[in-house]
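K.L.:
One predicted model, sequence on top.
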There are 2 protein chains.
Amino acid sequence: MTSKTAARYAEAAIEAVPDLPIVRITRDFRATPEQLMRAHTDPDLFAKWVGPNGMTTRIEEWDCRSLGSWRYVAERDGEEYGFRGTFPQVTDTKIVQTFSFDGMPDAIALETLWFEDLGDGTTRLHAQSLCDSIEGRDGMLSSGMDVGVHEGYAKLDAMLTDGAV
Amino acid sequence: MTSKTAARYAEAAIEAVPDLPIVRITRDFRATPEQLMRAHTDPDLFAKWVGPNGMTTRIEEWDCRSLGSWRYVAERDGEEYGFRGTFPQVTDTKIVQTFSFDGMPDAIALETLWFEDLGDGTTRLHAQSLCDSIEGRDGMLSSGMDVGVHEGYAKLDAMLTDGAV
């Protein structure tokens, strides 16, 4: 494996879409689209990798189908952080969900996740978060969410390597 | 009643937010915020006024609470049009919902509705539809939705006058 290839798997690209209140994340995995769908739709698998290191996730509600909903609590050092949303659309290859943090219940983002088969045993995850203002977009980018994204996907990489997904 | 006051009730303002993929609707009603909430959350009331003249609405699913969902079918001259979405957040004064037409299931908008008491027996409805592109916003504006908005709100005016809400 060249270092260039290594870099390809190590980092998610997290960027604002110019002039739109949208954050996009792109990340390649050594996995099939089906494995990535499973990692995002199976609550037991999802709870094992989502979020930064040292945080544990307790799923409180999980109805991952079109018009369903979800709720989970993340916990670290006795502090709990609740998150919730709905699933406006779930297909075999795409998940559309709303997302909010219980501490800021009025800041609701509309997120779309889909998986692009790159044809060489790898799959590219595409995630888009639509906010209702440029300030909301920039607030999301500066919230420290990148740590959770990078560390969470690294945990998912390890689970894929271990055959856990 | 002056003609200026009459005009105030007759029309909803429907406009694009400059540089953002957002459509905003503003409309004043001779009603309390509680009446407008009822007209939007009670499925029997909602079905009576929503949409253009000549269209009838059949509610197929209605769970109007935070993390709930909805589905209805509009019918005219034997043609049916399905719509669906979720309710990411419902409070006493605000409704956040996703919205899509079954004919374009991937075009999902995030809508926020709230009601401003103007203190003179009238209430201003504020509705915001967040799309994921400027083209989506402009497509919504040019879809003919304005007819349904104006005619639907005129039906709601009549129901308020009749004491039906």
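P.N.:
Everything's here; your move.
K.L.:
what's the longest helix in chain A?
P.N.:
helix A:145-161 (DSSP state H).
K.L.:
Which single residue in chain A comes nearest to chain B?
P.N.:
Chain A approaches chain B most closely through A:T86 (3.4 Å), counting by Cβ to the nearest Cβ. Placement of C-beta: from N, CA and C, glycine included.
K.L.:
That residue touches B:T86, doesn't it?
P.N.:
Yes: counting by Cβ atoms under 8 Å, A:T86 sits close enough to B:T86 to count as a contact (3.4 Å).
K.L.:
which residues do those two both contact?
P.N.:
Common contact partners of A:T86 and B:T86 (Cβ atoms under 8 Å, 6 or more residues apart in numbering or on different chains): A:67, A:69, A:98, B:67, B:69, B:98.
K.L.:
Let me have those residues in JSON lines, adding secondary structure as columns.
P.N.:
Formatted as JSON lines, these follow (DSSP: H, G, I helix; E, B strand; the rest coil):
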{"residue": "A:L67", "secondary structure": "coil"}
{"residue": "A:S69", "secondary structure": "strand"}
{"residue": "A:T98", "secondary structure": "strand"}
{"residue": "B:L67", "secondary structure": "coil"}
{"residue": "B:S69", "secondary structure": "strand"}
{"residue": "B:T98", "secondary structure": "strand"}
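K.L.:
ok, so of those, who is nearest B:G51?
P.N.:
If you rank these by distance to B:G51 using Cβ to Cβ, B:T98 comes first, at 18.1 Å.
K.L.:
what does chain A put close to chain B?
P.N.:
Residues of chain A found near chain B (Cβ under 8 Å from any Cβ of the partner chain) are A:19-22, A:61, A:66-69, A:71, A:84-89, A:96, A:98, A:100, A:105-106, A:108, A:110, A:112, A:128, A:130, A:132-134.
K.L.:
Would you mind writing the PyMOL command to select the buried ones in these?
P.N.:
Burial among these is assessed by 16 or more other Cβ atoms under 10 Å in any protein chain shown; the matching PyMOL selection reads:
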select buried, chain A and resi 20+21+22+66+67+68+69+71+84+85+86+87+88+89+96+98+100+108+110+112+128+130+132
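K.L.:
Can you pull the poorly scored residue ranges out of chain A?
P.N.:
Across chain A, residues meeting the criterion (pLDDT under 70) sit at A:1-10.
K.L.:
quick one: the strands in it?
P.N.:
A:13-16, A:22-29, A:56-62, A:68-76, A:79-87, A:89-90, A:94-101, A:109-117, A:123-130 (DSSP state E).
K.L.:
so what secondary structure elements neighbour the last one?
P.N.:
If I follow you right, that is strand A:123-130. strand A:22-29, helix A:33-41, strand A:109-117 (3 or more Cβ pairs under 8 Å, 6 or more residues apart in numbering or on different chains; DSSP states H and E).
K.L.:
Let's have these in a markdown table, adding distance to B:G152.
P.N.:
Output for the helices and strands packed on strand A:123-130, formatted as a markdown table (distance: least, Cβ to Cβ, whole Å):
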| stretch | distance to B:G152 |
| --- | --- |
| strand A:22-29 | 30 |
| helix A:33-41 | 36 |
| strand A:109-117 | 24 |
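K.L.:
Among the ones you listed, which comes closest to B:D28?
P.N.:
Of all the helices and strands packed on strand A:123-130, strand A:109-117 sits nearest to B:D28, with 28.4 Å by Cβ to Cβ.
K.L.:
ok now the closest one, how far from the chain's centre?
P.N.:
Taking Cα atoms, centre = their mean, to the nearest Å, one finds strand A:109-117 lying 9 Å from the centre of the chain it belongs to.
K.L.:
the inter-axis angle of it versus helix A:33-41?
P.N.:
Angle, strand A:109-117 to helix A:33-41, by axes from the mean of the first three to the mean of the last three Cα atoms, to 10 degrees: 160 degrees.
K.L.:
Sheet partners, orientation included, of strand A:109-117?
P.N.:
Note on strand A:109-117: by DSSP bridges, its sheet partners are strand A:94-101 (antiparallel), strand A:123-130 (antiparallel).
K.L.:
Chain neighbours aside, what residue packs nearest to A:R124?
P.N.:
Spatial nearest neighbour of A:R124, excluding adjacent residues (Cβ to Cβ, 6 or more residues apart in numbering or on different chains): A:E116 at 4.3 Å.
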